[in-house]
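>>> A structural model of the following input is requested.
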Amino acid sequence: MAIAEGIEQDRWTRVKGRLRSTVGEDVYSSWFARMDLERVGGESVHLSVPTRFLKSWIQTHYADRVLSCWQSELPEVSRVDLTVRTPIRAPAVTKDAKASVEERLSEQEHRPSELRAVATVPVSASHEALGGSPLDPRLTFATFVGGRSNTLALAAARQVAEGRRGDNVMFNPLYIHAGVGLGKTHLLQAVTWAGNSADRKVLYLTAEKFMYGFVAALKTQTALAFKEALRGIDVLVIDDLQFLQGKSTQAEFCHTLNALIDAGRQVVIAADRPPSDLESLDDRVRSRLAGGLVVEMGALGEELRLEILKSRVSAARTHHASFDVPLPVLDYLAKAITHNGRDLEGAINRLLAHSKLNSTPVTLEMAEREVRDLIRPQEPRRVKIEDIQRVVARQYNVSRSDLLSSRRTANVVRPRQVAMYLAKTLTLRSLPEIGRRFGGRDHTTVLHAVRKIESLVSKDVALSDEVELLKRQLQE
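The predicted model follows:
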């Protein structure tokens, strides 16, 4: 019996090899890594997968290829039966790997505050088998550099990652927003690496991957399986939400969001702007997102930039032991490169490449030459409509609620018009969006206010000076 089982497993190994070479490594990892052989009987082969969604997807897209690979090994096979196994079995790991993982898990139990990416290979395999977006093994809590601008976001992300199934959810959804290259994706992937465990499934998806999965499921009439798969997740992590487009996709996202939150499951979301600024999203979605914990990750201060540079140099030394960047060079880079963390990493990569390829030490002169295109002019401060309303209300001695109200007294109408004018000239918000942020007014009202103030500032010197003063206050 054991011999027969061994022969079957050898055949299954060869079939998987053929399948991997046929569909490619990425597709194989995403859809077939958790497919197991149950038995071979007569003209049938019985395989199993852990979820209905995987079963439906493989049957729809790859049934013929799986059968063909089996027929190359056993010509008499005419049918492949695919079932959903219960309970879900853990991904296969070697004895040595399992012992190593158990040892690291044991260490982590004694150091609960130190979250690290444990068993990254099994986590990645199971995660991608669920249809998740690819994970970068470098993006863990261990490699995330904390500082004043990201303290709250980091603490909230750790809280989510340390949770267990059945725990009370503190922040739902957790919504993190920041500009490009400030660490949103790093935090979200760190939550995914650290949060996956034997009793909890964490799925990381970009908005693009969510859209692709939903549209593909609609086309193949497997939308129900797609929804069931998503709603069976314990922690759903969505990155770059600002790219979510399409009415039906947004509606499905809203339903999934509501279903997970109502069931006590955790949702973590990142975008490049706060929920109120996501104009393309439905009001119901924006409202639900704003109802959780909304955290902004600020710009990287000079001290934090220096720490990031030091950590990148340390990481580079694991593969290039002789690589060294003098402290004066790091200080120069921290002062000169202010835009985002990716530029800092790019600077270190350039210095490493130049040093290794030319066999020369890193100097200040070399650094100035190699990174000059990364030194960008300081961008003006991003102005928010809330800031405009607050500053204008203070200048004209009215309340922000007055600006949003329907009051039409002279002492409120003029400040409201000035605030709308500044919102149009200092932000990228559309007229309808500005109207919505000023108490739900029509875009024609905003247009009238903008034209009115434009006309007045060309004639009224006092008003022109007031508007310029407000602009300086907002842009400082």
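
>>> Would you mind measuring from residue 63 to residue 221?
In this view, residue 63 and residue 221 are 15 Å apart by CB to CB, to the nearest Å. Where you see a C-beta, it was placed from the backbone N, CA and C, and this is true even at glycine.

>>> Kindly apply the preceding question to residue 145 instead.
Residue 145 sits 46 Å away from residue 221, going by CB to CB.

>>> Between these two, which is the more surrounded one?
Legend: neighbour count by other CB atoms under 10 Å for residue 145 and residue 221, higher for residue 145 (20 against 10).

>>> is it true that the more buried one touches residue 305?
No: judged on CB atoms under 8 Å, residue 145 makes no contact with residue 305 at a distance of 9.3 Å.

>>> joint contacts of these two?
When CB atoms under 8 Å, 6 or more residues apart in numbering defines a contact, no residue borders residue 145 and residue 305 alike.

>>> Now the lengthiest helix in the chain: buried residues?
If you go by DSSP state H, the chain has its longest helix at helix 2-23. With burial defined by 16 or more other CB atoms under 10 Å, the residues of helix 2-23 counted as buried are 8, 11, 12, 15, 16, 18, 19, 20, 23.

>>> and the second one, what does it touch?
For residue 11, the contacting residues are 40, 73, 74, by CB under 8 Å, 6+ apart.

>>> Adjacent strands (with direction) for the strand or helix carrying the first one?
If you go by DSSP states H and E, residue 40 is part of strand 36-41. In the sheet, strand 36-41 lines up against strand 44-49 (antiparallel) (DSSP bridges).

>>> ok, for residue 234, nearest residue in space, not its chain neighbours?
residue 200 (4.4 Å; CB to CB, 6 or more residues apart in numbering).

>>> what do you get for residue 454?
Residue 454 sits nearest to residue 421 (CB to CB, 6+ apart), 7.1 Å away.

>>> do residue 187 as well
Using CB to CB, 6+ apart and skipping the chain neighbours, the partner closest in space to residue 187 is residue 157 (4.7 Å).

>>> okay, the one you found: pLDDT?
As predicted, residue 157 sits at a pLDDT of 91.

>>> just residue 239 next, same as before
Here the pLDDT value assigned to residue 239 is 90.

>>> Kindly report the same for residue 83.
The per-residue pLDDT reported for residue 83 equals 87.

>>> mind checking the SS state of it?
Three-state call for residue 83 (DSSP: H, G, I helix; E, B strand; the rest coil): strand.

>>> mind listing what the closest residue to it other than its chain neighbours touches?
Distance criterion CB to CB, 6+ apart; nearest residue to residue 83, sequence neighbours excluded, is residue 48 at 5.0 Å. By CB under 8 Å, 6+ apart, residue 48 lies in contact with 35, 36, 38, 82, 83, 84, 85.

>>> mind redoing it with 7 Å?
With contact taken as CB atoms under 7 Å, 6 or more residues apart in numbering, residue 48 is in contact with 36, 38, 83, 84, 85.

>>> Most neighbours out of those, which is it?
In terms of neighbour count, residue 85 stands highest of the contacts of residue 48 at 16 neighbours, by other CB under 10 Å.

>>> The nearest residue to that one once chain neighbours are set aside bridge partners, please.
Nearest-residue entry for residue 85: residue 48, 3.9 Å, with adjacent residues in sequence omitted and distances by CB to CB, 6+ apart. In this structure, residue 48 bridges to residue 36, residue 83 when assessed by DSSP bridges.
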